[in-house]
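[1] got a sequence here, can you model it:
(one chain, ligands or ions: 1)
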Amino acid sequence: MNLIPYARQDINQADIDEVVAVLRSDYLTQGPVVPAFEKAVTDYCGAKFAVAVNSATSALHLACLALGVAKNDIVWTSAITFAASANTALYCGAIIDFVDIDPKSYNISIEHLTEKLIKAEKTGSLPKILIPVHMCGQSCDMAKIYQLSLKYGFKIIEDASHAIGAKYKHEFVGNCKYSDITVFSFHPVKIITTGEGGMAVTNNPCFAERMQLLRSHGIQKDLVDTTLCRAEEVWNYQQVVLGFNYRMTDIQAALGVSQIKRIDKFVSDRREIAKNYDLELSKLPLLTPWQNESCDSSYHLYVIRLELEKIKKKKRQFYDELIAKGIQVNYHYIPVYRHPYYQKMGFSIDYCPEAENYFLDAISIPMYPTLSENLQKNVVRVIDEVLSS
Ligand SMILES: Cc1ncc(COP(=O)(O)O)c(C=O)c1O
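    Modelled structure (predicted):
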């Protein structure tokens, strides 16, 4: 039986040709294509600077470091996200905490965030950084989050791993109008891909420079400090801080340069599929994704909520039956604090009630640009069958 995957990349001959051209060129990494891809992304989303890296996880880590996250600083993120949004703060020695989600958008809840900030101000435990996550490709309400950041003095990293190509208030996510740094992922399930890959974009030259330094071992080439050098020595690079090898290769960037040329088509295909699903699935005992009027989602994911009181099944059974019938549904996501690693930190099992409700009945169904109308119909038919059996 052929499984319909929940996501898949779309690679064409032009993508292959771009990658092959790099393979035949002088540089497989650290050549001209990474900066070309960075420029293509900043031109697209409207930020001033970009730092391409080998994953969004690396980009989040560098973003935290560029904003000065260090031991015992407090970082907050959404309870419903991929663990990397939280893990990267822990890499810096920070203390992580979670904000509950909005039951309609599944993004960080502005109400819960506000309440938590009021309490934290009283106890002297305000966050240094907030990492809002644009779940499924729908932007968080960034203007409100930005206002709160001014009031309570925290910085913002947008985790836009799902959301390149999405818009907030008619402007592309990634313009960093309401944040310090925005991060994209180019994993194959995402909107565009470089195999593995990620990027941090910002309007702040100091943050960009810091992230560039840290992505390549903390080594600088242009500004050699000669005070510690003997006169007869040749120094053409120096390590000045402890960095990492988080570099993207030119091979990966070539795929990115080619993919971003088709981003508008990828996103419009996803929106078309979402429209069809909205229409067909609204007849079934489930909730289709609610959309905020200020947002144009890139629809990285299409998450349905089962109306459990109207059906005879639990989510577990629904999930197993769909997989058995060839539809690769998925969970996005397990509340981060429920993972054993986070449970050991002492988060209670019901730490964020809305995230718990979501986890009980939310399932991602297949969503990718090449999902044909026939396959979409197949997905809807099988969901209907499983819900009514
Ligand atoms: C919300 C979110 N943040 C971060 C990441 C990490 O992305 P990457 O796999 O590029 O490191 C993902 C990946 O799925 C994600 O969904």
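
[2] CA only for contacts and neighbour counts going forward, please
    Will do.

[3] which stretches of the stretch 51-200 of the chain form helices?
    56-66, 84-91, 110-123, 142-152 (DSSP state H, counting those that start in this stretch).

[4] show me which residues of the third one are buried.
    Yep, that's helix 110-123 we're talking about. In terms of neighbour count (16 or more other CA atoms under 10 Å), helix 110-123 has its buried residues at 110, 113-114, 116-117.

[5] so what touches stretch 373-389?
    Here stretch 373-389 makes contact (CA atoms under 8 Å, 6 or more residues apart in numbering) with 4, 273, 277, 280-281, 284-285, 311-313, 318, 321-322, 325, 327, 365-366.

[6] next step: those residues restricted to strands.
    residue 365 (DSSP state E).

[7] among the contacts of stretch 373-389, which ones are buried?
    4, 273, 277, 280-281, 284-285, 313, 318, 321-322, 325, 327, 365-366.

[8] buried residues, the host helix or strand of residue 358. List them.
    Using DSSP states H and E, residue 358 maps to helix 353-361. If you call a residue buried by 16+ other CA under 10 Å, then helix 353-361 has these buried ones: 354-356, 358-361.

[9] could you do stretch 95-112 as well?
    95-102, 105-110.

[10] any chance of those in CSV, plus pLDDT?
    CSV is the format used below for those (pLDDT from 0 to 100):
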residue, pLDDT
95, 98
96, 98
97, 98
98, 98
99, 98
100, 98
101, 98
102, 98
105, 98
106, 98
107, 98
108, 98
109, 98
110, 98
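
[11] okay, and which of the residues you listed map to strands?
    95-99.

[12] how about these in TSV, adding distance to residue 187?
    Listed next are these as TSV, based on distance: CA to CA, whole Å:
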residue	distance to residue 187
95	27
96	25
97	26
98	25
99	26
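
[13] which of the residues you listed sit farthest apart?
    By the measure CA to CA, 95 and 99 form the most distant pair in these, at 13.5 Å.

[14] quick one: contacts for the residue most central in space within the chain?
    Centroid-nearest residue in the chain, with CA atoms, centre = their mean: residue 161, separated by 1.8 Å. Applying CA under 8 Å, 6+ apart to residue 161 gives the contacts 56, 133-134, 183-186, 190.

[15] quick one, phi psi at it?
    phi -50, psi -30 (degrees, to the nearest 10).

[16] same question, residue 54
    phi -90, psi 0.

[17] what segments of the stretch 201-350 of the chain are strands?
    Under the criterion DSSP state E, counting those that start in this stretch, the stretch 201-350 of the chain contains strands at 219-220, 238-239, 286-287, 295-296, 302-306.

[18] mind putting the ones you listed into JSON lines with mean neighbour count, distance to residue 144 and mean pLDDT?
    Output for the strands of the stretch 201-350 of the chain, formatted as JSON lines (neighbours: other CA atoms under 10 Å; distance: least, CA to CA, whole Å; pLDDT from 0 to 100):
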{"stretch": "strand 219-220", "mean neighbour count": "18", "distance to residue 144": "38", "mean pLDDT": "93"}
{"stretch": "strand 238-239", "mean neighbour count": "15", "distance to residue 144": "40", "mean pLDDT": "93"}
{"stretch": "strand 286-287", "mean neighbour count": "18", "distance to residue 144": "26", "mean pLDDT": "97"}
{"stretch": "strand 295-296", "mean neighbour count": "22", "distance to residue 144": "14", "mean pLDDT": "98"}
{"stretch": "strand 302-306", "mean neighbour count": "22", "distance to residue 144": "24", "mean pLDDT": "97"}
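
[19] which one of those strands lies closest to residue 248?
    strand 219-220 (15.9 Å).

[20] sheet partners, orientation included, of that closest one?
    Looking at strand 219-220 with DSSP bridges, its partner strands are strand 238-239 (antiparallel).

[21] can you list the neighbours in contact with the partner strand?
    By CA under 8 Å, 6+ apart, strand 238-239 touches 217-221, 224-225.

[22] and these, which of them are buried?
    Here, 16+ other CA under 10 Å leaves 217-220, 224 buried among the contacts of strand 238-239.

[23] show me where pLDDT drops low in the stretch 1-150 of the chain?
    1 (pLDDT under 70).

[24] go again with 50.
    For the stretch 1-150 of the chain, no stretch is flagged by pLDDT under 50.

[25] and for stretch 105-123, what's in contact with it?
    Outside stretch 105-123, the residues touching it (CA under 8 Å, 6+ apart) are 77-80, 99-103, 126, 132-135, 138-141, 144-145, 148, 152, 289-292.

[26] just the buried ones from those residues, in ChimeraX syntax?
    Selection command for ChimeraX covering only the buried members of the contacts of stretch 105-123, criterion 16+ other CA under 10 Å:
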select :77,78,79,80,99,100,101,102,126,132,133,134,135,138,139,140,141,145,148,152,289
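
[27] near the ligand too, which of the contacts of stretch 105-123?
    residue 133 (CA under 6 Å from any ligand atom).

[28] for the protein, what lies in contact range of the ligand?
    Checking the chain against the ligand by CA under 6 Å from any ligand atom, the hits are 55-57, 81-82, 84-85, 133, 159, 161, 185-187, 197-198.

[29] repeat that with 5 Å
    The chain has residues 55-57, 82, 161, 185 near the ligand, with proximity defined as CA under 5 Å from any ligand atom.

[30] check which residues of the helix with the most length in the chain are buried.
    Taking DSSP state H as the criterion, the chain has its longest helix at helix 263-281. Within helix 263-281, the residues scored as buried using 16+ other CA under 10 Å are 263, 266-271, 273-274, 276-278, 280-281.

[31] which elements pack onto that helix?
    helix 373-388 (3 or more CA pairs under 8 Å, 6 or more residues apart in numbering; DSSP states H and E).

[32] quickly note the distance from residue 67 to residue 259.
    Per CA to CA, to the nearest Å, residue 67 is found 30 Å from residue 259.

[33] let me see the contact set for residue 291.
    105, 138, 297.
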